Every structure is written in structure tokens, then in C-alpha cells.
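1. Have a look; sequence and predicted model below, questions after that.
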Amino acid sequence: MNQIATTPPTSTDAAQFGLASFLDLLPQRTPLLGQCATSYERFKLAHLRDLHPTTALQTTVAENLIANEWELQQLRRMLDRETAHRLASSIKKPAYLALEQAHEDKLDAEFHEWVSAGNDRDEWEGEPFDESDATADALELARQALSTDPDELAKLEAKLAAMGVDVVYLMAQVHIHVTVTAQNLGIQIRNLEKRRREIKAEFDALQKASPVRAAMEAIEDAEIVE
């Protein structure tokens, strides 16, 4: 009958390799403008706590999984900003036309009021439409469309709706006429989602086959000799 130690095994100790953590084996990620670089370390550590790798190989695969997830989030941010810029650009023309129509409606109302008051219609002089101001106002509405504040966007959508600009229709047109950039981002996102599943399966298999787990199962299955 074999005697098996009853002390539960522990994770591979990084200290025996002169390391404070197996994370020390991994290269530092190069910060990139536009990727919220200061958030990556917190993102990584939070996910490592969830994954809880216990060996050097598990740590490497876990970091690969986390990097894949981080890249996926960045691609989604890029796609969102690409969409936002295209939507903002599409707002300018209908907003300008809406402002022009509002001016014409205002002139019509003022003209009818003038005539109703008994004035000579030939003496009516309406205020001319200021194309420069309308262009500036339309550009300002497009600029506001690039906000990332949900409340500001809600206010803008309500304002555009009051002007007669159908934002949902404009968004549909943005998605129908997909740019090469948006198309490529979509493909990359789908590829990373597939890769995420593959890496997670690899990580789960490593954890299942880890020496710690195997030893614990052996203890449970074996007869302990006191």
C-alpha cells in the first residue's frame, strides 16, 4: 500500500525561479495612443484574478487570452468611433436643409401675418436666409454627434427629431453603406471572438491537467496511511 502525503499541494512557486510572479516572464505591453493604455494593467490584473493561473504556462496562456480580449475591446471602440464620425458627417446636409425649411416656414408665417394685418403684400420684405450661419449651425450639430456623453446625445437626438431629421434612418444608411474600414474591423472582431473561444478552451484544458489538480484528485482517490 502506497503512502501519500496528506498536505495539499500548492501552485508552482515562482520564487524558486527567482521571480516575484510568473507575470515577470511576460513582456510589457507597448502603450498605444487611443487605447487607454493606463487601463490595461488594471484590466489584466482583474482578469487574472478571475482566471487564477497557477503555473508559468497557465499564466502565459491567460495573458494571451486577456490580450485578445483587450484587443477585441479596442476594435469595438474603433468601430464605434468610425460609425460615430460617419453618422456625424451624414447629419450636416439634412440639418442644413431642415434649418433652411424652418426659415422658409417662418417667412411664410410672417408674410401671412403681414397680409392679414392689412399691409400691402408687395411691400413685404422678409429676412434673407443666412447660408453661412446655417452651415455653421449644421457643423455644430455634427460636432455634438461625436460626444460620448449619453445625456448629451439624447438631447441632440431630441433636437434633431424636432427639426425633422430622422437619426434612425441616417444610422441605417451608415450601416448599409459600410466602409472598407468598418468592414475590416468587423472581420477582425469576429476573428478575435473565435480566437477567444480557442484560447479559453486551451486554458481550461491546462487547468484541468495541472499537477495541483491531479495531485488533489489522487489524494481524494487514494487510501491515506496514517
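-> Ah, there it is.
2. what are the ranges of the helices in the protein?
-> Under the criterion DSSP state H, the chain contains helices at 40-51, 56-116, 131-144, 150-163, 167-176, 180-208, 211-221.
3. quick one: which of those helices is nearest Gln28?
-> Shortest distance between Gln28 and these, using CB to CB, is found for helix 40-51: 9.4 Å. Where C-beta positions appear, they are placed from N, C-alpha and C, glycine not excepted.
4. which other residues reach that closest one?
-> With contacts defined as CB atoms under 8 Å, 6 or more residues apart in numbering, helix 40-51 is touched by 23, 29, 31, 58-59, 62-63, 65-66, 69-70, 203.
5. Output the residues you listed in TSV, with pLDDT, distance to Phe43 and neighbour count appended to each entry.
-> Converted to TSV, those look like this (pLDDT from 0 to 100; distance: CB to CB, whole Å; neighbours: other CB atoms under 10 Å):
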residue	pLDDT	distance to Phe43	neighbour count
Leu23	65	14	17
Arg29	73	10	15
Pro31	72	13	10
Gln58	87	19	20
Thr59	84	16	21
Ala62	90	13	26
Glu63	88	11	21
Leu65	93	12	21
Ile66	91	7	21
Glu69	93	8	19
Trp70	92	6	19
Phe203	91	17	19
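6. And the pLDDT at Val168?
-> You'll see Val168 listed with a pLDDT of 94.
7. So it versus Ala102, what's the distance?
-> 21 Å (CB to CB, to the nearest Å).
8. cool, Leu192 as well?
-> According to CB to CB, Leu192 stands 46 Å off from Ala102.
9. before we move on, back to that, so which of the helices of the chain is the most surrounded?
-> The highest mean neighbour count among the helices of the chain, using mean count of other CB atoms under 10 Å, belongs to helix 56-116: a mean of 16.
10. Who are the packing partners of that one?
-> Applying 3 or more CB pairs under 8 Å, 6 or more residues apart in numbering; DSSP states H and E, we find helix 56-116 packed against helix 40-51, helix 131-144, helix 150-163, helix 167-176, helix 180-208.
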